[in-house]
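Engineer: the following comprises the amino acid sequence and a computationally predicted model.
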There are 2 protein chains.
Amino acid sequence: MSFSFEVKKADASGARVGRLTTPHGAVTTPVFMPVGTAASVKALTQEALEELGAEIILGNTYHLYLRPGHELIRKLGGLHRFMAWPRSILTDSGGYQVFSLSELRKITDEGVRFRSHLDGSEHLLTPEKAAEVQLALGSDIAMVLDECIETPAPREAAESALKRTTVWAGRARKHFLEYATRNGELAQWQFGIVQGATFADLRRESARQLLELDFPGYAVGGLAVGEPQALTCEMTGEVAALLPSERPRYLMGVGRPEQLADYVALGIDMMDCVLPTRAARHACLYTSEGRVLIKNARYAQDTQPIDPACSCSVCRRYSRAYLRHLFAAGEITAAILATHHNVHFYLDIMRQIREAIEFGNLAKFSSAMHARYAAGPS
Amino acid sequence: MSFSFEVKKADASGARVGRLTTPHGAVTTPVFMPVGTAASVKALTQEALEELGAEIILGNTYHLYLRPGHELIRKLGGLHRFMAWPRSILTDSGGYQVFSLSELRKITDEGVRFRSHLDGSEHLLTPEKAAEVQLALGSDIAMVLDECIETPAPREAAESALKRTTVWAGRARKHFLEYATRNGELAQWQFGIVQGATFADLRRESARQLLELDFPGYAVGGLAVGEPQALTCEMTGEVAALLPSERPRYLMGVGRPEQLADYVALGIDMMDCVLPTRAARHACLYTSEGRVLIKNARYAQDTQPIDPACSCSVCRRYSRAYLRHLFAAGEITAAILATHHNVHFYLDIMRQIREAIEFGNLAKFSSAMHARYAAGPS
């Protein structure tokens, strides 16, 4: 049982192909992590995820803490065992969901007090508690609790959140190191999260402060929350340039299909987003030629696969006409097939990105993706 | 391309193991047909159905006629091609759904006039139309339009419906034989449906009248609609005794797990029911020990599979605790996994029934099933 990260190859842009190893297996990076909010990637069984080649998925601490509860999951042997997923898992800290989903949240230096969106019960999430919950879940990679603020944020709010995020990260790190050792080895990797909103100097400041805490990996948080993509890239670049090259870098909550290569070009190794799974349930399919809004009447008699260039099991078998019918009829299989395809598409983009890094043509790949996705519906 | 039915083995009770062959493959009987209402067995992909060993599924003519429309399906190459299901399909006539789902239905000798439950549009379903629609769908086995009445029915209503059902069957047969031949061979098998409510003499009369129309197979309709099971069995037995032993017999819309062997013992070869799929979506799981209502709090920490005696892929991987959590969280995967298990359970019962017939101990199997299912929740 051990953790490691190794950069295998880097190109001129700073993009790199690497290998992240956890006690639950190897993950080839850059990697896109499908989101399994409540211990399930919506509409995909674990068998399907394995068939798709997912090597790591993301679980949401906020959801699992509230239901079924981290103590129950700990008792049943941890999240891997609970959901019968033998490969790697990253859990977030719960912070983002507390800020976006819960009611009556109140932030103090101690932590965030909030009411559950499920039953109104009151809870206090502290940096220590977030670390504890994730240790109970037994994920491979845990995130520290950070303060998330709305965008665009005034400078003072960003400064204040940054300050608190650093203090919280220190407390989380200390607490984690006290409890995360099992038989002399770490049971989990804990990543820090760089904040600083859209202020380059604050982003750099946040990164420098977190570096002192010596995390084995660093995330960039609080981006892709409404700001233009150029700004997302600018901030990500500022941070990535300061992060140690031998440690994994995780850009949280991104992105659209055509954006993935951009972030990789900035030196990002890990990404996650609900987009492929959520869009699928809303009948938005991603293809090599752009988005296909499959409910459109033009597909009613279209016997082509969703994407003629796609090799996924859905495209090998089913037609656009059939998919459109399943959505029109409200069939559960519509979500299953569409999600399967979209997740395949995202994981395939990552394969292509890694190949492009190996061959030194990532920029070309990125331009082609933007061209395809500029034209279609958004 | 040809159709056949062969009885391989029969026991003393009249139960038989047989082989139904259609242009889309062989079906070992007695068979349970999972219901794929709108060209999809809810929550199961066609890959899953193949893995489960389903050799024939049922499609609902009423639903497919309304959406996406039989002409569209015909144009796209028929139902098999449309839904990418290469094995056999039986379609009902649409009659039952017209009577149970549609609005403002009006029955005349011509047919049934009704309004769509989807958009209120007005339609006329005649015996000829029902045959035409099913030929357009290209199912392997088509059913004639019958008049379904409510249970319990007064004798006069049953007599009148029986009379009309016979007249309609004659019209359907004539129309079918005119249009169902392709290159000198039948493109489809058409089955007649015996009615007569719960009156034994009417059931016998209906069977005798339909026999004159020389259908390659016969169904027993209008049963299992609320009457006690003993009465279902009595009526089924009356009819089955009159039907030619060399032709398949189909009891429509049954049944509960513990009832399947009873119907087989009466000489039934084919059955269909929404129960395993619908119950699954409502968190009712069938096991060798009876029903498991998986939302029950007692399963919250239960690390056993749904059914320790089950060999399905869900029981090999997931725990009751996890399934319970997925239902509590409203995850789509709850429906997927539960449906997979329940359909496996039904198809496995049929395998056990066929084996029991081979070994001459069907009655014993039936008693054991009733004992297990008498105790648990219904």
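Structural biologist: Looks like it came in fine.
Engineer: let me know the secondary structure of A:His370.
Structural biologist: Per DSSP: H, G, I helix; E, B strand; the rest coil, the secondary structure class of A:His370 is helix.
Engineer: my read is that it contacts A:Pro257, right?
Structural biologist: No. With contact defined as C-beta atoms under 8 Å, A:His370 does not reach A:Pro257; the gap is 9.8 Å. C-beta coordinates here come from the backbone N, C-alpha and C atoms, glycine included.
Engineer: more crowded one of those two?
Structural biologist: With neighbours defined as other C-beta atoms under 10 Å in any protein chain shown, A:His370 and A:Pro257 compare such that A:Pro257 has more, 25 against 16.
Engineer: tell me the predicted confidence for the residue of the stretch 101-250 of chain A found nearest chain B.
Structural biologist: Minimum separation of the stretch 101-250 of chain A from chain B (C-beta to the nearest C-beta) falls at A:Leu118, amounting to 9.5 Å. For A:Leu118, the model assigns a pLDDT of 92.
Engineer: same check on A:Ser100?
Structural biologist: 85.
Engineer: report the contact partners of it.
Structural biologist: Counting by C-beta atoms under 8 Å, 6 or more residues apart in numbering or on different chains, A:Ser100 touches A:Cys148.
Engineer: ok but A:Leu90 is inside a strand, no?
Structural biologist: Yes. According to three-state DSSP, A:Leu90 belongs to a strand.
Engineer: just give the nearest non-adjacent residue to it, would you?
Structural biologist: Among residues not flanking A:Leu90 along the chain, A:Ile141 sits closest, at 4.1 Å (C-beta to C-beta, 6 or more residues apart in numbering or on different chains).
Engineer: quick one, what contacts the one you found?
Structural biologist: By C-beta under 8 Å, 6+ apart, the residues touching A:Ile141 are A:Thr22, A:Ser88, A:Ile89, A:Leu90, A:Thr91, A:Gln188, A:Trp189, A:Gln190, A:Phe191, A:Gly217.
Engineer: which residue does the stretch 151-300 of chain A have closest to chain B?
Structural biologist: A:Ala300 (6.8 Å).
Engineer: can you count the residues close to that residue?
Structural biologist: 16.
Engineer: that one and A:Phe327 touch, don't they?
Structural biologist: No. Counting by C-beta under 8 Å, A:Ala300 does not reach A:Phe327; the two are 11.3 Å apart.
Engineer: ok so A:Ala48 is a helix residue?
Structural biologist: Yes. According to three-state DSSP, A:Ala48 belongs to a helix.
Engineer: who's in contact with it?
Structural biologist: With C-beta under 8 Å, 6+ apart, A:Ala48 has these contacts: A:His340.
Engineer: same check on A:Asp302?
Structural biologist: So A:Asp302 contacts A:Ser319, A:Arg320, A:Ala321, A:Arg324 (C-beta under 8 Å, 6+ apart).
Engineer: list the contacts of the most centrally placed residue in chain A.
Structural biologist: Among the residues of chain A, the one closest to the centroid is A:Asp272, at 2.0 Å (C-alpha atoms, centre = their mean). Going by C-beta under 8 Å, 6+ apart, A:Asp272 touches A:Phe32, A:Met33, A:Pro34, A:Val35, A:Leu58, A:Leu90, A:Tyr250, A:Met252, A:Gly253, A:Val254.
Engineer: appreciated, that's everything.
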